[in-house]
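model this:
(2 chains)
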2 protein chains.
Amino acid sequence: MQPRPGKFEELASLVKQMVEEVRKHAGCLQAEAMLAPDRNEIAVFQRWENTEAFSEYLIWRSKQDHLDRVYYLSVSEPDFSSFTLITPPKASQPGY
Amino acid sequence: MQPRPGKFEELASLVKQMVEEVRKHAGCLQAEAMLAPDRNEIAVFQRWENTEAFSEYLIWRSKQDHLDRVYYLSVSEPDFSSFTLITPPKASQPGY
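Numbers count the residues shown, from 1 in each chain, chains lettered A, B, ... in the order given. Below is the predicted model:
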């Protein structure tokens, strides 16, 4: 995410709050809020047990107001990339 | 990282090996190898206790052959971004 001018702290605070919510979701293994004020960049790293858990979270998230606030505070729509971990979080967990 | 055509598996395997080495380094809190074959993308996520530990790792890494192999197997030089975590790994650990 790239905060609009003067909005870095406000977006960082919102993202921090959202990350704390993410961590409470079933199937969330990890969520980290990452700041690079010198590059005017805010990022989030999430690990999920499986795609179903992540999809359920996205549905829940789309019903909250927070995402609209993120868009409002950002220069452009946030980039989003999804990856498969080489070493899955659990032995029983195949790549997805 | 963006593997050269036909080199996805080879680069993924090398990155997996490098990530396992990273995890053994003093001060490394986490290292994950991330694959997106559909986008021809390989990424690494690392968390470090502090910048000193990460710098020491970089010095060690620059003395290995692996980095040359990564460059050889990649279309271009890997992107690199460093962030500060909003919630530091330890209560005693200030942002850096």
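
what about the helices in chain A?
All helices of chain A, identified by DSSP state H, fall at A:8-24, A:51-62, A:66-73.

any buried residues in the longest one, and which?
Along helix A:8-24, the positions that meet the burial threshold by neighbour count (16 or more other C-beta atoms under 10 Å in any protein chain shown) are A:F8, A:L11, A:A12, A:L14, A:V15, A:M18, A:V19, A:V22. Yep, even glycine has a C-beta here, placed from its N, CA and C like the rest.

which residues touch the residue positioned nearest the centre of chain A?
The C-alpha lying nearest the average C-alpha coordinate of chain A belongs to A:V44 (C-alpha atoms, centre = their mean; 4.4 Å). Contacts were defined as C-beta atoms under 8 Å, 6 or more residues apart in numbering or on different chains; by that measure A:V44 touches A:V15, A:M18, A:V19, A:V22, A:A31, A:E32, A:A33, A:M34.

excluding chain neighbours, what is closest to the first one?
Right, the one you point to is A:V15. A:A33 (5.0 Å; C-beta to C-beta, 6 or more residues apart in numbering or on different chains).

okay, and the beta partners of that neighbour?
A:V44 (DSSP bridges).

what sits against it?
With C-beta under 8 Å, 6+ apart, A:A33 has these contacts: A:A12, A:V15, A:K16, A:V19, A:I42, A:A43, A:V44, B:L85, B:I86, B:T87.

kindly report the same for A:S55.
Going by C-beta under 8 Å, 6+ apart, the list of residues near A:S55 is empty.

what does A:A12 give?
A:A12 neighbours (C-beta under 8 Å, 6+ apart): A:P3, A:A33, A:L35, A:I42, B:I86.

that older thread, dump the helices of chain A into CSV; add mean pLDDT as well.
Shown next, in CSV, are the helices of chain A (pLDDT from 0 to 100):
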stretch, mean pLDDT
helix A:8-24, 96
helix A:51-62, 94
helix A:66-73, 94
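
do you know which of these lies nearest B:W60?
Nearest to B:W60 among these is helix A:8-24 (31.3 Å), distances taken as C-beta to C-beta.

spell out which residues of chain A are next to chain B.
For chain A, the residues in contact with chain B (C-beta under 8 Å from any C-beta of the partner chain) are A:12, A:15-16, A:19, A:32-36, A:39, A:41, A:43, A:45, A:47, A:81-87, A:95.

which among the residues you listed end up buried?
A:A12, A:V15, A:V19, A:E32, A:A33, A:M34, A:L35, A:F45, A:R47, A:F83, A:L85, A:I86.

farthest pair within those residues?
Among those, A:A12 and A:I86 lie farthest apart (C-beta to C-beta), at 30.2 Å.
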